[in-house]
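1. Task: produce atomic coordinates for the following.
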Amino acid sequence: MNNTYLLINFLVIIIPLIYTFNKRLKFHHQYPAFFTSTFLVGFVFIVWDVYFTNWGYWGFSDQYITGLSLFSLPIEEVLFFFCIPYACVFSFHVLETIFPINDSPAFKKINYLLSFTLLCLGLVFLDKHYTSVTFISLSVVLLIAPMFINIKLFYRAWGILLIPFLMTNGVLTGSFIDGQVVWYNDDYNLGVRIFTIPVEDVFYGMLLILSNVTIYQVLRKTFFKR
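-> So this is what the prediction gives:
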């Protein structure tokens, strides 16, 4: 039994948890919207994860997990879909609260260009299932998100979050440890790596966070107004 993956989840979420109850941020006031959005998005991603794991698109090394499982996934993997969204939605909340900026038509155009590019790539690489599912799914969410969120603020948040993302995923894929917490079958992706991280992971992470932020904002502004 090893706690490496569990420790990664803990390190990701500990600072946001500490500052959640800050008098200026008051992120805990947004818990109804956050937990509802995380449950909805997490359900989709866990189903996706179970399917891809069962078909050998990716998997987990017993060397770095506790051995506890839920929905046929390591418990750490299930916690990942709570810890990462918590840290990232919290970061979006911090920027929105303390460093607000106006949205801009230029960022929306860039966003739609990215959406179109990912759709084309997803269709070109349909035989690479991790690539195609991730790119096409993100393309759709990128089209929808600007209707509900400040997309310029999201890109600012995502740009900041890319640094800890690369560090976290680097550990998970073996950049800083002997072995891999999560391994990938390159038959189902492009085989292009950022250090040890499949390039698809960057867009997978963006899809996870953008989905959470978008649904969180919709719920916060409609069903959980304060």
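
2. can you give me the helices in the chain?
-> 4-19, 31-54, 75-98, 105-124, 129-144, 151-173, 199-222 (DSSP state H).

3. Which of these sits closest to Tyr188?
-> Set against Tyr188 and scored by C-beta to C-beta, the helices of the chain come closest in helix 129-144, at 4.7 Å. C-beta here means a position set from N, CA and C on the backbone, and glycine is covered the same way.

4. The closest one - contacts with which helices or strands?
-> The contact analysis (3 or more C-beta pairs under 8 Å, 6 or more residues apart in numbering; DSSP states H and E) places helix 129-144 against helix 31-54, helix 105-124, helix 199-222.

5. Let me see the mean pLDDT of it.
-> Computed over helix 129-144, the mean pLDDT rounds to 98.

6. Ok, stretch 213-225 next?
-> Per-residue confidence for stretch 213-225 averages out to 91 on the pLDDT scale.

7. Low-confidence ranges, this structure, go.
-> Along the chain, segments meeting pLDDT under 70 span 1, 226.

8. mind running it again at 80?
-> When residues are selected by pLDDT under 80, those of the chain lie in 1, 224-226.

9. For stretch 185-192, what is the spacing between the initial and final residues?
-> End-to-end distance for stretch 185-192: 12 Å, by C-alpha to C-alpha, to the nearest Å.

10. buried ones in that stretch?
-> Within stretch 185-192, the residues that qualify as buried by neighbour count (16 or more other C-beta atoms under 10 Å) are Tyr188, Asn189.

11. Stretch 116-128 too?
-> Neighbour count says stretch 116-128 has Leu118, Leu119, Leu121, Gly122, Phe125, Lys128 buried, by 16+ other C-beta under 10 Å.

12. what's the answer for stretch 142-150, then?
-> Neighbour counts using 16+ other C-beta under 10 Å place Leu142, Ala145, Pro146, Ile149, Asn150 of stretch 142-150 among the buried residues.

13. now the end-to-end length of that stretch.
-> Stretch 142-150 has an end-to-end distance of 12 Å (criterion: C-alpha to C-alpha).

14. which residues touch it?
-> 96, 101-103, 108, 111-112, 114-115, 118, 151, 154, 210, 213-214, 217-218 (C-beta atoms under 8 Å, 6 or more residues apart in numbering).

15. Select only the buried ones of these in PyMOL?
-> What follows is the PyMOL syntax selecting those of the contacts of stretch 142-150 that are buried according to 16+ other C-beta under 10 Å:
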select buried, resi 96+111+114+115+118+151+154+210+213+214+217+218
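
16. what about stretch 116-133, how long is it end to end?
-> Separation of the first and last residues of stretch 116-133 by C-alpha to C-alpha is 14 Å.

17. Revised request: answer the last question for stretch 189-198.
-> For stretch 189-198, the first-to-last residue distance is 8 Å (C-alpha to C-alpha).

18. swap in stretch 19-29?
-> 13 Å.

19. How far off centre is that stretch?
-> Between the centre of stretch 19-29 and the centre of its chain there are 22 Å (C-alpha atoms, centre = their mean, to the nearest Å).

20. So which bits of that stretch are buried?
-> By 16+ other C-beta under 10 Å, the buried positions in stretch 19-29 come out as Thr20, Leu25, Phe27.

21. export these to CSV and tack on distance to Val199?
-> Converted to CSV, the buried residues of stretch 19-29 look like this (distance: C-beta to C-beta, whole Å):
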residue, distance to Val199
Thr20, 33
Leu25, 33
Phe27, 32
